[in-house]
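In: Okay, predicted coordinates and the sequence, questions at the end:
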Amino acid sequence: MSWLSKVRNSLSSLNKRDTPDNLWIKCPSCGEMLFTQEFEANLSVCPRCEHHGRITAKTRFEQILDAGFTVLPTPEVEENPLNFRDTKKYSDRLKAARAANPYPDALTNASGTIEGYKAVLGVQDFKFMGGSMGMAVGEAFVAGVEKAIAQKCAYIICTAAGGARMQEGILSLMQMPKTTVATRRLAAAGLPYIVILTDPTTGGVTASYAMLGDVQIAEPGALIGFAGQRVIQDTIREKLPDGFQRAEYLHDHGMVDMVVHRKNLKGTLAQLLGYLERKEAQ
Amino acid sequence: MKSYLDFEKPIAELDTRVAELRATQDGSSDIDIEAEIAKLAAKSEAMLSSTYGKLTPWQKTQVARHPLRPHFVDYVEMAFTDFVPLGGDRLYGEDCAILGGFARLNGQRVMLIGHEKGHDTASRVKHNFGMAKPEGYRKAIRLMEMASKFGLPVVTLVDTAGAFPGIEAEERGQAEAIARSTEACLALGVPMVAAIVGEGGSGGAVAIAAANKVLMLEHSVYSVISPEGASSILWRTPEKAADAATAMKVTAQDLLELEVIDGIVEEPLGGAHRDPAQTAKALAAAIEKELAKLSKLDAEALVRQREERFLAIGSL
């Protein structure tokens, strides 16, 4: 029994409803009750099972970039171009997502340094409409790459998305070639492109910029794939193998270079940039 | 053999009646019966014209998936000549969901690549219903790169419900294969024209459609997810597919308005399956026209035009 379980058990007389919601969190993987502060101090990784929790863009910037980074403005795009409505209006969904998140859409860039190496870091936030890729994400990706080209530095992206943003229909699909134009331009400028696949990265995001990195890193246990597991199961009607579409499975199948624990992520990026950064840019 | 869609029922009934009358006619020329046949046939055609003049997005989806709709192999026969099929990705295998090879379009040499769905049970299984695996996209990449090397324009015919969702496809890097195929389109130093001839299903379609010019047949559809998929995810019921098709704007007409495609190729009255030869002729002419315009651009200009085309989508 871990010390945390002991603490939890000693407090079992407490009525759980009396504790504030955010004081304890339950690890979604092993079910362990974790003291939020400790969990966050551990980079939102469960100390018992090493499950890597989903984190916000802001937290990710703080974990990877040196202090003093600049969050870049999110480019504006036409809002709700199809005037889409399912059970709710898309514009209302956007409003709700904006009210609950610090940044205006699912992909935000910051410019800064990683152990002294210049970089632009883009982070997709799963909390913003499942990180889904619409025109705002595509445009932000392009803007992040352009900033990296202007600064002659690497572009690093932390991906997290259920896929394309269906509420933007075909326009979301068109972000696949659009973002690929950007990765090509970065390559033409001779600058590094590093992808960090985080939980979950699926659909059109995986099938475009998330798989085009010079170096592909995945966080432990992250779900990474093209098709959704339910879709696959409905198609083939077989049980999926253990660990299917997890980071380690992709590593075993040659789809990523490495699976890196969050505590080693910043150091790994600095190490890679040391090899990839162009001499004249130093 | 004719095959009618649900919404074509009144037309089917008229056609059946005409066929019955013809059978009773039995060589003799009864003036009254002939007049009746002519009347019914005219009525059927008028109904076909009015039905197809106002197809809903969901109806168009069904026309685009019609089992008798012409597919890649039909266009190879009717729109091109001298086809030389080329197989394999040189990495894993031969995926018959995507076919490709050298072909001539009105004499002009092109690299022709496209999805093939198959037309009966055996061929559908062989072609995996047009749902390609990574090796299909990697074959497309190989052929596109060869086309670029030898200066052949690339023509793609898109017709897929989507890339194959299966264990082995994921294991072999379906996402990476699609991403690299899209990238290969964008890198081409030769003209590329893509035509959505049936279903343009999501990433599996865009992987061979990131072209200089994108055309669509009049009743084809192109979307980020199938209407059924969107219905079950967004409405949490499989029954809202028709609403999803409308909301997502999947038709050629919608996409032209959104400036996602560059032109629409008209289909014969009642859809491509009612006259495949006529459809193929119109398609060939439209592709030829686009290639002629693009032939004036050099490699650098072609790449730039393609880049600007996609960068503009979603930019204010």
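Out: Looks like it arrived, so ask away.
In: Not counting sequence-adjacent ones, nearest residue to the residue of the stretch 51-200 of chain A found nearest chain B?
Out: As assessed by C-beta to the nearest C-beta, chain B sits closest to A:Met135 within the stretch 51-200 of chain A, at 3.2 Å. The way it works is simple: take the backbone N, C-alpha and C, and place the C-beta from them, glycine included. Once flanking residues are discounted, A:Met135 sits nearest to B:Gly314: 3.2 Å by C-beta to C-beta, 6 or more residues apart in numbering or on different chains.
In: Look at that neighbour and give its secondary structure.
Out: When classified by DSSP: H, G, I helix; E, B strand; the rest coil, B:Gly314 comes out as coil.
In: Ramachandran coordinates for it?
Out: Dihedral pair for B:Gly314: phi 100, psi -10, per degrees, to the nearest 10.
In: Next, count neighbours for the residue of the stretch 1-150 of chain B found nearest chain A.
Out: The nearest approach of the stretch 1-150 of chain B to chain A comes at B:Met131, 8.7 Å away (C-beta to the nearest C-beta). Here the number of neighbours of B:Met131 (other C-beta atoms under 10 Å in any protein chain shown) works out to 23.
In: Contacts only, for it.
Out: Applying C-beta atoms under 8 Å, 6 or more residues apart in numbering or on different chains, we find B:Met131 in contact with B:97, B:160-165, B:204.
In: Could you single out the nearest of the residues you listed to chain A?
Out: Sorting these by distance to chain A puts B:Pro165 at the head of the list, at 3.3 Å, by C-beta to the nearest C-beta.
In: Work out for me the element the nearest residue to that closest one once chain neighbours are set aside sits within.
Out: Using C-beta to C-beta, 6+ apart and skipping the chain neighbours, the partner closest in space to B:Pro165 is A:Ala227 (3.3 Å). Under the criterion DSSP states H and E, no helix or strand holds A:Ala227.
In: just checking, A:Ala227 touches B:Glu170?
Out: Yes: at 6.7 Å, A:Ala227 and B:Glu170 qualify as touching, with contact defined as C-beta atoms under 8 Å.
In: partners of the longest strand anywhere in chain B, with directions?
Out: As assigned by DSSP state E, the longest strand anywhere in chain B is strand B:192-201. Under the criterion DSSP bridges, strand B:192-201 sits next to strand B:154-160 (parallel), strand B:213-217 (parallel), strand B:221-223 (parallel) in its sheet.
In: In a markdown table: those strands, plus mean neighbour count and mean pLDDT.
Out: Shown next, in a markdown table, are those (neighbours: other C-beta atoms under 10 Å in any protein chain shown; pLDDT from 0 to 100):
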| stretch | mean neighbour count | mean pLDDT |
| --- | --- | --- |
| strand B:154-160 | 29 | 98 |
| strand B:213-217 | 25 | 98 |
| strand B:221-223 | 29 | 98 |
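In: Let me have these in JSON lines, extended by distance to A:Pro75.
Out: Shown next, in JSON lines, are the strands paired with strand B:192-201 (distance: least, C-beta to C-beta, whole Å):
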{"stretch": "strand B:154-160", "distance to A:Pro75": "30"}
{"stretch": "strand B:213-217", "distance to A:Pro75": "24"}
{"stretch": "strand B:221-223", "distance to A:Pro75": "25"}
